[in-house]
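[1] sequence and predicted structure, then a few things I'm wondering about:
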Amino acid sequence: MSIATELFVDITLIGFNDREQTVIASLFKVSGRYREWQPAKKPRPDCILVNVDDEESRIWCDLEQINPTGAPIIAIGAEVCGNSIAAHIKRPFHWVQILETLEIVLKQQRDPVRNHAAAFSTTLLAPANLPDMPERSAPKIFKTVPAVLIVNPNPKGWRYITGELSSRGYRVDHVSTGAAAVVLLANFRYNLVFVETELPDEDGVGICKLLKQAQGRRRTTAIVLSTSRKAVDRIRGSFAGCDAFISTPIDPEELSRTLNKLVPEYVLEED
């Protein structure tokens, strides 16, 4: 079994219909952390999600049926009692609440899942499913020098990124606030935008969403910078259309790998 596989948190789903299972499976896939438990791959699940609006599943919880796995149970739907219930999510709810609740419940457990925290911190926000760029022997042809916008109030962070991009021949603009970023994005075209999630006036993920929804800007690459290791934050960024995540403080190797994937070498078009 590979290291990446071992780091997954395995969840058992009980009482959900096909549509709900599909939605939850999609959330797990995008999170990069969770997956549906498969007994053949792991002897026990790390957590159990139960739809207590399903009659048989509710009876299972009401009777406090013996849980041989010892995994925490998260009940979704009507109120239920039971010493084995670790958390409860009422309907109606946003699907992302499942990920938020999982984060809380699993942190409270004194089992191997909690011990994986340090390992998760290096993988949750790593660039996910980045497309391979063309071979370096075939640089892209641009009509003008490509430009990058960095939206980051942290001088140390944006100066380091600026140095890396300048060495690759990219023009770099920098602003510290979301308001300033909106002005520049409305008036100039950028090939790549770095956005810090914690801005003094705006939500950085919101800037990413605005960028991707703007007419003619959907091909602009957006990279989110974040101190958060939570899967739910990665989900928010993915839904907003961001192309990659870089955890902060910035790791030079992680930044280099991301730029190699998303920032192509180029030559200017001859007149």
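    Yep, it's here.
[2] okay, CA-based contacts and neighbour counts for the rest of this
    OK.
[3] give the next helix or strand downstream of the helix or strand hosting Ala86.
    Applying DSSP states H and E as the criterion places Ala86 in strand 85-89. As assigned by DSSP H and E, the chain's next helix or strand after strand 85-89 is helix 96-108.
[4] that following helix: which residues count as buried?
    98-99, 101-102, 105-106 (16 or more other C-alpha atoms under 10 Å).
[5] next: stretch 202-210.
    So for stretch 202-210, counting by 16+ other C-alpha under 10 Å, buried means 204-210.
[6] next one: stretch 156-173
    Residues 157-158, 161-162, 164-165, 170, 172-173 are the ones in stretch 156-173 that count as buried (16+ other C-alpha under 10 Å).
[7] out of the residues you listed, who's nearest Asp233?
    Gly157 (20.0 Å; C-alpha to C-alpha).
[8] who's in contact with the closest one?
    Gly157 makes contacts with 249-250, as judged by C-alpha atoms under 8 Å, 6 or more residues apart in numbering.
[9] any idea which helix or strand carries it?
    helix 155-167.
[10] just name the shakiest helix or strand of this protein by mean pLDDT.
    Taking mean pLDDT, DSSP states H and E as the measure, the chain has helix 117-121 as its least confident helix or strand, at a mean of 35.
[11] what sits up against the helix or strand following that one?
    Remark: after helix 117-121, the chain's next helix or strand is strand 140-142, criterion DSSP H and E. Residues outside strand 140-142 that contact it (C-alpha under 8 Å, 6+ apart) are 264-269.
[12] kindly report the same for stretch 47-59.
    Under C-alpha under 8 Å, 6+ apart, the answer for stretch 47-59 is 10-16, 61, 71-78, 80, 106.
[13] straight-line length of that stretch, end to end?
    By C-alpha to C-alpha, to the nearest Å, the extent of stretch 47-59 from end to end equals 19 Å.
[14] check stretch 167-179 too.
    Terminal residues of stretch 167-179 lie 28 Å apart, using C-alpha to C-alpha.
[15] how far does that stretch sit from its chain's centre?
    23 Å (C-alpha atoms, centre = their mean, to the nearest Å).
[16] likewise stretch 157-167?
    From the chain centre to the centre of stretch 157-167 is a distance of 23 Å (C-alpha atoms, centre = their mean).
[17] Ile246 - that's part of a strand, no?
    Yes. Counting by DSSP: H, G, I helix; E, B strand; the rest coil, Ile246 is found in a strand.
[18] got the contact list for Ser226?
    So Ser226 contacts 196-198, 245-248 (C-alpha under 8 Å, 6+ apart).
[19] Ala75 too?
    With C-alpha under 8 Å, 6+ apart, Ala75 has these contacts: 49-52, 85, 87-89.
[20] does it count as helix, strand or coil?
    Going by three-state DSSP: Ala75 is strand.
[21] where's it relative to Ile104, distance?
    The value you get for Ala75 to Ile104, if C-alpha to C-alpha is used, is 14 Å.
[22] check Phe8 too.
    Counting by C-alpha to C-alpha, the gap from Phe8 to Ile104 is 16 Å.
[23] also Leu7?
    According to C-alpha to C-alpha, Leu7 stands 17 Å off from Ile104.
[24] got it, and Asp10?
    According to C-alpha to C-alpha, Asp10 stands 15 Å off from Ile104.
[25] then Phe245?
    Applying C-alpha to C-alpha, the value for Phe245 to Ile104 is 22 Å.
[26] repeat that for Val182.
    Distance from Val182 to Ile104, by C-alpha to C-alpha: 34 Å.
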